[in-house]
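Enquirer: okay, predicted coordinates and the sequence, questions at the end:
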Amino acid sequence: MAVKDSKGPVKRLVEFIMPPNSRGMCRTREKQLFILALGTISFLCFGSIWFLPEKQGPGGKVKVVRDKLQEQVENLILPPPPQDLGGEVNINPNIRHGVIDKPDPHKLEEKAHLDAQIELDEEIKRIRKNQEQQVLAKPNFDKEKDSKKSSSTAPEALDNKFAKPDKKPDADAPVSNNGPKIQGGEDPDSTAKERRDHVKGMMKHAWDNYVTYAWGKNELRPVSKRGHSASIFGSSSMGATIVDSMDTLFIMGMTEDFEKGKEWISNNLDMNQMGGDVSVFETNIRYVGGLLTAYAFTGDEMFKQKATHICDKLLPAFDTPTGIPYALVNMRAGSAKNFGWASGGSSILSEFGTLHMEFAYLSDITGNPIYRKKVEKIREVISQVERPKKLYPNYLHPKTGKWGQQHTSVGALGDSFYEYLLKEWLRSGKRDSQAKKMFDEAATDIEEMLIQTSASGLTYIAEWKYGRLEHKMDHLACFAGGMYGLAATEEKDANSERWMEIAKGITNTCHESYDRTDTKLGPEAFRFSEAVEARALKQNERYYILRPETVESYFLMWRLTKDQKYRDWGWEMVQALDNTCKVDGGYSGVRNVYQVENVDSFSENVEVGGNKDDVQQSFFLAETLKYLYLLFSDDDLVGLDEWVFNTEAHPLPIKGANTFYRPHSEL
């Protein structure tokens, strides 16, 4: 007869791990400690999930873990193609105006400050839920509390009345036929119409693939057909391509796509969810600029309130002794800093100098003067600092107010500062006389110091480095052709004739930089010497990332001169984009414009994308395709007498000349 084992399963497990005859191995107290340790480890493993940050929407904290695991598995199975473009510098091609490195991991803020931020987020969430129009109210900052909880001062308190519509929203109202023309505008020329339709088809190809493979992500990887996030947008998927593309979709009459983007923005665009450090400059020109144009086009209060919310989140960057803002801001923590590589912690001229148009216009439509005050303080500081050699260096320290490295460029690090001096004068209805004065001085000094003529007669803009000229011109500087042409036309003074010749010369040189490559696409930078002209010499200067500056000048020079060659050059660019950059999943940049891919040589072992960088930049839809479309449109469509384009090609209405300016009722 079998004897029944009276020992329970737990006791048998313990005896298996610690045999009873193993004297000295584990006494009763040691057994208890072992079980306690095992239980503690289990608690930490499964309990830590409750300490994760809240995530809005279905899934909560568990979804945070799932999303991160999914992202890591995706990258393991299908890693992105390498971003190293060769050469001496590791360049991040996702930056709009020059080179940045990946932001350093943000430092943990004090617990009290984080608690305060959580309270603000909860308040905003509660207010938004109760508001029928989904208007984002600004948080009320308690200055006394914030001064104790944070090492940096909180932004100025904002009056909540500015977060409310000043009149009944007219989101559903149709665009007035009597207002500025922002749709239609077909050119009577049949060839121009056919080419414009082709450009619209390019936009549809780029947009549809983004919707299919990367909806809600910042950008699209068109070769590997998945989403792409760049460090300039932080670590969150904040739909950069959606916001950046809205006005292009509207202008092209892609109504259903515009409404789809509008719905996403209304339901999902919330900078309280933005993680990590983000570029103040990029956020302003892409997000704020795009939303302000959408508001001007439609009158929908939602777009204005989203723009206001984002600008409020950028305000901590301005908390410096001089008022010159930092380059990076952490929207959750409310902290800000500069890039470590930028001339001893300096701010960058093209970044802090490219805020005025958006911030000033936002003050006009909200009635809140804080935004205008911030950028006027920047202007005041810049105008009072003495310029070495009459030139503006690319770096200015936000604490000391002194210039950094003696490097001046109209390309990367400097470009749009000069652009915004001219364009803010125009946007203000030519009321901002200080902007005009500073532009005229800068443009004249650039003409005297930096503009050169090559041996064969090509006009280019050199750089000033440490007391000498470097005969290199960035693709980014190709906007200057349109800038000088616009200034010559609008100012109508003693400089006009000379500046128009400079505009024609620069635009021609940029076209030559395209025409002298195998792909007929322009390199990132090109040089001039006794041996070469308008060609890239270094490996890290040979790439093309769908940049718009050259076609921007084609567009402006066509509108200003009506010279057919600018349309012809634009069509050459369209063909080059289709031949070299177009793939099944959209449009991709290329690493070497002097190298044509040999399709026959492809095999299973070839690197994904071959010569392509596998990134469809958001500015390709916002700028490049918009300028091409307008190049082949009638002049009345987004007319230059009613609109002025920000540096991301988002048109802002001109004060006093545009009925879509939509000023606040109190102004």
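Expert: Good, I have the coordinates. Numbers count the residues shown, from 1 in each chain.
Enquirer: what is the subsequent helix or strand relative to the longest helix seen in the chain?
Expert: Ranked by residue count under DSSP state H, the longest helix found in the chain is helix 190-214. Following helix 190-214 in sequence order, the next helix or strand is strand 219-221 (DSSP states H and E).
Enquirer: what's in contact with that following strand?
Expert: Under the contact criterion Cβ atoms under 8 Å, 6 or more residues apart in numbering, strand 219-221 has outside partners 80, 94, 206, 209-210, 213-214, 226-230, 240-241, 585-586, 614-618. (C-beta placed from N, C-alpha, C; glycine too.)
Enquirer: and it, how far from the chain's centre?
Expert: Centroid separation for strand 219-221 versus its chain: 14 Å, with Cα atoms, centre = their mean, to the nearest Å.
Enquirer: check stretch 182-194 too.
Expert: Distance, centroid of stretch 182-194 to centroid of chain: 30 Å (Cα atoms, centre = their mean).
Enquirer: first to last residue in that stretch, what's the distance?
Expert: Stretch 182-194 has an end-to-end distance of 19 Å (Cα to Cα, to the nearest Å).
Enquirer: buried residues of it, list them for me.
Expert: Using 16 or more other Cβ atoms under 10 Å as the test for burial, stretch 182-194 gives 182, 185, 187, 192.
Enquirer: same check on stretch 318-328?
Expert: 318-320, 322-328.
Enquirer: mean confidence for it?
Expert: Taken as a whole, stretch 318-328 has a mean pLDDT of 98.
Enquirer: doesn't Lys436 fall inside a helix?
Expert: Yes - assessed by DSSP: H, G, I helix; E, B strand; the rest coil, Lys436 belongs to a helix.
Enquirer: count of neighbours near it?
Expert: Using other Cβ atoms under 10 Å, Lys436 is surrounded by 20 other residues.
Enquirer: show me what contacts it?
Expert: Contacts of Lys436 (Cβ under 8 Å, 6+ apart): 421-422, 425, 430, 491.
Enquirer: among the residues you listed, which one is most surrounded by other residues?
Expert: Busiest of the contacts of Lys436 [other Cβ under 10 Å] is Leu421, holding 26 neighbours.
Enquirer: could you verify that it is part of a strand?
Expert: No - secondary structure of Leu421 (three-state DSSP): helix, not part of a strand.
Enquirer: so how far is Phe479 from it?
Expert: Distance, Leu421 to Phe479, using Cβ to Cβ, to the nearest Å: 13 Å.
Enquirer: also Pro523?
Expert: Pro523 is 16 Å from Phe479, by Cβ to Cβ.
Enquirer: so who does Tyr295 touch?
Expert: 301, 303-304, 307, 365, 662.
Enquirer: tell me the one among those nearest to Gly344.
Expert: Using Cβ to Cβ, Ala307 comes nearest to Gly344 of these, at 33.2 Å.
Enquirer: quick one: secondary structure of that closest one?
Expert: On the three-state scheme (three-state DSSP), Ala307 is labelled helix.
Enquirer: you'd agree it is up against Ser363?
Expert: No - Ala307 is beyond contact range of Ser363, at 11.5 Å (criterion: Cβ atoms under 8 Å).
Enquirer: these two: which is more packed in?
Expert: Between Ala307 and Ser363, Ala307 has the larger neighbour count (other Cβ under 10 Å), namely 28 against 23.
Enquirer: once you drop chain neighbours, what's closest to the more buried one?
Expert: Nearest residue to Ala307 in three dimensions, chain neighbours excluded: Leu291, at 3.9 Å (Cβ to Cβ, 6 or more residues apart in numbering).
Enquirer: between the two ends of stretch 362-381, how far is it?
Expert: 21 Å.
Enquirer: figure out how far that stretch is from the centre of its chain.
Expert: Counting by Cα atoms, centre = their mean, stretch 362-381 comes out at 21 Å from the chain centroid.
Enquirer: cool, and stretch 401-411?
Expert: 22 Å.
Enquirer: give the buried residues for that stretch.
Expert: For stretch 401-411, burial by neighbour count (16+ other Cβ under 10 Å) applies to 401, 403-404, 406-411.
Enquirer: which residues does it contact?
Expert: In contact with stretch 401-411 (Cβ under 8 Å, 6+ apart) are residues 98, 321-322, 324, 342-344, 346, 381, 385, 388-389, 391-397, 413-415, 418, 446, 450, 461, 463-467, 473-477, 480, 525.
Enquirer: make a PyMOL selection of the buried ones in these.
Expert: The PyMOL command for the buried members of the contacts of stretch 401-411 (criterion: 16+ other Cβ under 10 Å) is given here:
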select buried, resi 98+322+324+342+343+346+381+391+392+393+394+395+396+397+413+414+415+418+446+450+461+463+464+473+474+475+476+477+480+525
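Enquirer: just the contacts of stretch 401-411: which are in helices?
Expert: 381, 415, 418, 446, 480.
Enquirer: does the closest residue to the fourth one other than its chain neighbours count as helix, strand or coil?
Expert: Ranked by Cβ to Cβ, 6+ apart and with sequence neighbours excluded, the top spatial neighbour of Ile446 is Val410, at 6.2 Å. Reducing the assignment at Val410 to three states with three-state DSSP gives coil.
Enquirer: and Val410, how far from Thr624?
Expert: 20 Å.
Enquirer: the longest helix of the chain: which residues count as buried?
Expert: So helix 190-214, judged by 16+ other Cβ under 10 Å, has buried residues 192, 195-196, 198-200, 202-203, 205-207, 209-211, 213-214.
Enquirer: what do you get for stretch 426-434?
Expert: 426-428, 430, 432.
Enquirer: quick one: which of those is nearest Ser633?
Expert: For the buried residues of stretch 426-434, the nearest to Ser633 is Leu426 (20.3 Å; Cβ to Cβ).
Enquirer: run through who's touching whichever helix or strand the closest one is part of.
Expert: Using DSSP H and E, Leu426 sits within helix 415-427. Helix 415-427 has contacts (Cβ under 8 Å, 6+ apart) with 97, 285, 349-350, 353-357, 360-361, 392, 409-410, 432-433, 435-436, 438-439, 442-443, 446, 474, 476-477, 479-480, 483, 486-487, 490, 644-647, 652-655.
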